[in-house]
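Undergrad: Sequence first, predicted model second:
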Amino acid sequence: MLTYLSIILAFFHCCYNELIYVVEEENTANPYIGDIAEDSGLWDSLKHHERHLLTFIQLQQNGRHLFNITKPGKMFTVHPLDAETLCILEKQCIHTINVAAHKGKQFIKILKIKIIIEDINDHWPRFPVDHIILQFSEMDGQGRRRSIPDATDKDVGSQNRLITYKLKKKRNYPFTLQDFKRADGTSHLDIVLEGKLDREIKAVYNFEVIAEDGGNPPKQTILNVEINILDVNDNSPVFSQRIYRINVNDTHPKHKAIVTLSAYDFDIGNNGEISYYFSPITSETLTKYFTLNRKNGEILLSTNLNLGKLDTSKIFIEARDGGSPSLSSTAVVLVNVVSEANNAPRIDVKFVSKSSRNKTVISEGVETGSFIAYVKVSDNDVGRNGEVSCRLQHDNLQLKSLSKNKYKVVIKKPVDREKQKQIEFTIVCEDEGSPSLKTKGHFSIQVMDVND
C-alpha cells in the first residue's frame, strides 16, 4: 500500500497532537499504515530504557471497524478501503480516530489521527443514456443550441471525477459542443449550430460526444448523438435568481414554505411547462428535512430542524421543462438555521476500557492518576447560552480539563474491591444561559478483583 505521512506542526493543546496519514483505496485488508509512536515523536521524547513502556489505545468511536492499532502503536487497516463508499462527493475522504498514549500506566496525551483515503481512478464516466436524438429546425440560425445530458463519474477524487468533453464528427458537420459549469459543479452541455441547415439536402446527422475523466491514465465513455432536422424545444428554464439565501428559525412550522423558487421558459405548451426537482448532487440527508413542491417550487419542512446538523445547508434545485428531451437549469438555496431556544448541553463519554452503554470496568490495582475516560461536551447555542462548565464529585474519581469542552476522568485515590465493588458517579454539565440549563450523565464502573 502506498502510504504518505504528514505531521501537523501546530500544537493545539498540551494533550492533543495531530497526525495525518494518506493511503490509497482498494488495497487488501491489514496493510501497514504507519508507526504512531515514531511519527508522533513520542518514541524519541522518551529515554531509551523507558521506550518499552510506551503503549497506545484507540478510544471507542466511529471508525473502529476501519483501522486497528496495536499496543506498541503500529496502525493497520481492517478492511479494504473504498473511497466511493466511505466519502460520497467530498473533496477529501478523511476519517478521524482518537488514540490515548500511555507510559506504563501513566496517561501522556491524546493523539488525533486523520487518515486521508486517496481515490484511485477505478470508475469510468457514464452518460445516463448511450444514444440521444436531438431535433433542429432547418429554419434555425447560427448559435441555436440543444442540451444533451452530461456524464457522471463515481470516483470521489477531484481529479479522477473531473470530466472533459470533446466532439468527434465529420469536418463539414455544422455543429460544435459547448460546456457550461452549473452552480453544483456539474456540466451543462449544448450542441450548438454553427452553420445553415437544409433538410432537403441532409435530414439526419450522427456523431459522438466523448467524456474523459482526469485520471492517469484517463477513462472514456461515448454518447452517440443523432440530430433530426425538425422543429423542437429549444429553450431551457431560467430561474429568477441563481442563488437564494434564506434564514429559517428552528421553530419554523412545517406547513409554511421557507422559500418559493421561480423559473420561466420562453417555450409554449409542454416545452414551456416547468417542474421542480432536487438535483442529484443534493445530499440525501437534506431531502429528509425538506419537501419540494414540484409544481410551484415551494420548499417546506418535512421534519423539525436540527441546529447541530443543519446550521447551514446547501440545496440544489433543478427546473425541468416538459420537452423531449427535457431541458433544465439549476439554482442553489442556502439555508441558514437560526436557533430561538436555549438548549441543554450534551455529554459524550468514551471509556478507555471496554464499555457497554454507560458502564465499564477497571481493576482494583489501577494507580492514582490513571486515565479512564475521555469526556466531550457540546451545546448548539451561541453566546453565554453555549458556554458550558462540567463537574464530577466522587472520592475516587476526578474530572480534569483538557481544553474547552473537553475533559478526562482520572483515578483520584486507590480503589479497593473488598470495600467497593461498584463505583457510581455523575458528571454534571451546565451552561451559562438565562435560565441556566444542565445535563447529568450517570455512569457505572465495575471494580475487578486482583489477588491481593
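TA: Ah, there it is.
Undergrad: Does the most far-flung residue of the chain relative to its centre fall in a helix, a strand, or a coil region?
TA: Distance to the chain centre peaks in the chain at E200, reaching 54.8 Å (criterion: C-alpha atoms, centre = their mean). Three states are possible here, and by DSSP: H, G, I helix; E, B strand; the rest coil the one that applies to E200 is coil.
Undergrad: what about the longest strand in this structure?
TA: In the chain, taking DSSP state E as the definition, the longest strand is strand 106-118.
Undergrad: Just the C-alpha atoms of that strand, please, in CSV.
TA: As requested, the backbone C-alpha atoms of strand 106-118 are provided in CSV (Å, rounded to 0.1, in the frame of the first residue of the first chain):
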residue,chain,number,x,y,z
GLN,A,106,0.6,6.9,33.2
PHE,A,107,-1.6,8.8,30.7
ILE,A,108,0.5,11.1,28.4
LYS,A,109,-1.8,12.6,25.9
ILE,A,110,-4.5,12.0,23.2
LEU,A,111,-3.4,11.9,19.6
LYS,A,112,-5.9,12.9,16.9
ILE,A,113,-5.2,10.7,13.8
LYS,A,114,-6.5,11.7,10.4
ILE,A,115,-6.4,9.1,7.6
ILE,A,116,-6.9,10.6,4.1
ILE,A,117,-8.1,7.9,1.7
GLU,A,118,-6.8,8.7,-1.7
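Undergrad: buried sites along that strand?
TA: Of the residues in strand 106-118, 107-111, 113-118 count as buried by neighbour count, 16 or more other C-beta atoms under 10 Å. Every residue, glycine included, has its C-beta placed from N, CA and C.
Undergrad: which among these gets closest to L66?
TA: Within these, the smallest distance to L66 is 7.8 Å, found for I115 (C-beta to C-beta).
Undergrad: Help me confirm that that closest one comes into contact with I97.
TA: Yes: at 7.5 Å, I115 and I97 qualify as touching, with contact defined as C-beta atoms under 8 Å.
Undergrad: Now the common contact residues for the two.
TA: F67 (C-beta atoms under 8 Å, 6 or more residues apart in numbering).
Undergrad: SS state for H52?
TA: Secondary structure state of H52, per three-state DSSP, is helix.
Undergrad: if we can go back for a sec, with distance to N271 added, can I get the buried residues of strand 106-118 in JSON lines?
TA: As requested, the buried residues of strand 106-118 are arranged in JSON lines below (distance: C-beta to C-beta, whole Å):
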{"residue": "F107", "distance to N271": "69"}
{"residue": "I108", "distance to N271": "69"}
{"residue": "K109", "distance to N271": "65"}
{"residue": "I110", "distance to N271": "61"}
{"residue": "L111", "distance to N271": "60"}
{"residue": "I113", "distance to N271": "55"}
{"residue": "K114", "distance to N271": "51"}
{"residue": "I115", "distance to N271": "50"}
{"residue": "I116", "distance to N271": "47"}
{"residue": "I117", "distance to N271": "45"}
{"residue": "E118", "distance to N271": "45"}
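Undergrad: Could you tell me which strands sit next to the helix or strand where F76 lies in the sheet, and their orientation?
TA: Assigned by DSSP states H and E, F76 falls within strand 74-77. Counting by DSSP bridges, the strands paired with strand 74-77 are strand 32-35 (antiparallel), strand 67-69 (antiparallel).
Undergrad: Quick one, which of those strands gets closest to L392.
TA: Using C-beta to C-beta and comparing the strands paired with strand 74-77, the one that lies nearest L392 is strand 67-69, at 27.9 Å.
Undergrad: helix or strand right after the longest strand of the chain?
TA: Reading on from strand 106-118 to the C-terminus, the next helix or strand found by DSSP H and E is strand 131-136.
Undergrad: got the contact list for the following helix or strand past that next one?
TA: Moving toward the C-terminus from strand 131-136, the next helix or strand (DSSP H and E) is strand 145-148. For strand 145-148, the surrounding residues in contact (C-beta under 8 Å, 6+ apart) are 132, 134-136, 178, 188-193, 209, 223, 225, 227, 232, 234, 236, 325, 327-328.
Undergrad: which strands and helices sit next to the helix or strand following strand 145-148?
TA: Sequence order places strand 163-168 as the next helix or strand after strand 145-148, per DSSP H and E. Of the remaining helices and strands, those touching strand 163-168 by 3 or more C-beta pairs under 8 Å, 6 or more residues apart in numbering; DSSP states H and E are strand 175-181, strand 187-193, strand 204-213.
Undergrad: The first one pairs with which strands?
TA: Using DSSP bridges, the strands paired with strand 175-181 are strand 187-193 (antiparallel).
Undergrad: Thanks a lot, see you next time.
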